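**Student:** quick one: sequence and predicted model below, then my questions.
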Amino acid sequence: MRILVVEDEKKVAHFIEKGLREHAFTVDVAYDGEDGFFMAAGEEYGCIVLDILLPKMDGYEFLRAIRSKSIKTPVIFLTAKDAVDDRVKGLELGGDDYLVKPFAFAELLARIRVLIRRGKEKKVDKLKVGDLSLNLLTRTVVRAGKKIELTPKEYSLLQYLMQNRGRVLTRTMISENVWGYDFDTFTNVIDVHINALREKVDRGFPTRLIHTVRGVGYVLEKREKK
């Protein structure tokens, strides 16, 4: 997940950048509002950490500018301006959160994660892997233009696999997230449903998407032909 930090105090910016990188985020840093705006307009970010007192374009102007471009990336203000009026103004302009300096990095990290999670919940209405798509609103599944009919449990299983594309899922993880409980992992219920899903999703198509990781579980991903 990529984060944009727009902060003119370089020590603060480097502190935030270092902390976020240690938690596996990719971080871009802008030291003024104009550079930040061009970066926000040209790249997709999971969250923007924004100071208010910035050179060239202040945080309020920055926020107005990206919202006018229909950029809906979650924005958390991180600023020394602690007056209630400043908080209200920031939120009314389209900010999603407001944290006052000095701050604890753990709190900033927690707030960023909440905003990213909310952003995903708001934005995602369709999952797509290769030529396979799943519409979360209509509950329809299509591959290469062909509609695929699934049972409710097959649909839930495919949704879980696609939401975790590229990640190996154990039988325990699948049972807890699709069936809602952890049953005897020696049972073949999951294997039966995986095989049924493969018949509908993979059979007859040139590229298989559902793969077995022997002794571990399953993964859904598009693999390039060697």
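**Tutor:** Happy to help now that I have it.
**Student:** CA atoms of the longest helix that the chain contains as PDB?
**Tutor:** Ordering each helix of the chain by length in residues (DSSP state H) puts helix 105-123 first. Taking C-alpha atoms only, helix 105-123 is exported to PDB below (Å, rounded to 0.1, in the frame of the first residue of the first chain):
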ATOM      1  CA  PHE A 105       3.500   7.400  15.800                       C
ATOM      2  CA  ALA A 106       1.500   4.400  17.000                       C
ATOM      3  CA  GLU A 107      -1.700   6.500  16.900                       C
ATOM      4  CA  LEU A 108      -0.900   7.900  13.500                       C
ATOM      5  CA  LEU A 109      -0.300   4.300  12.200                       C
ATOM      6  CA  ALA A 110      -3.600   3.100  13.700                       C
ATOM      7  CA  ARG A 111      -5.600   6.000  12.200                       C
ATOM      8  CA  ILE A 112      -4.000   5.400   8.700                       C
ATOM      9  CA  ARG A 113      -4.900   1.800   8.900                       C
ATOM     10  CA  VAL A 114      -8.500   2.600   9.800                       C
ATOM     11  CA  LEU A 115      -8.800   5.100   6.900                       C
ATOM     12  CA  ILE A 116      -7.300   2.600   4.400                       C
ATOM     13  CA  ARG A 117      -9.800  -0.100   5.600                       C
ATOM     14  CA  ARG A 118     -12.700   2.300   5.300                       C
ATOM     15  CA  GLY A 119     -11.500   3.400   1.800                       C
ATOM     16  CA  LYS A 120     -11.500  -0.200   0.600                       C
ATOM     17  CA  GLU A 121     -14.900  -0.800   2.000                       C
ATOM     18  CA  LYS A 122     -16.300   2.200   0.100                       C
ATOM     19  CA  LYS A 123     -14.500   1.700  -3.200                       C
END
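**Student:** neighbouring contacts of the one helix or strand in the chain whose mean pLDDT sits lowest?
**Tutor:** Averaged element by element with mean pLDDT, DSSP states H and E, the chain has its least confident helix or strand at helix 105-123 (a mean of 81). Outside helix 105-123, the residues within contact range by Cβ atoms under 8 Å, 6 or more residues apart in numbering are 1, 3, 15-16, 19-20, 23, 46-47, 49, 72-74, 76, 78, 96-97, 99. In this view, the C-beta of every residue, glycine as well, is placed from N, C-alpha and C.
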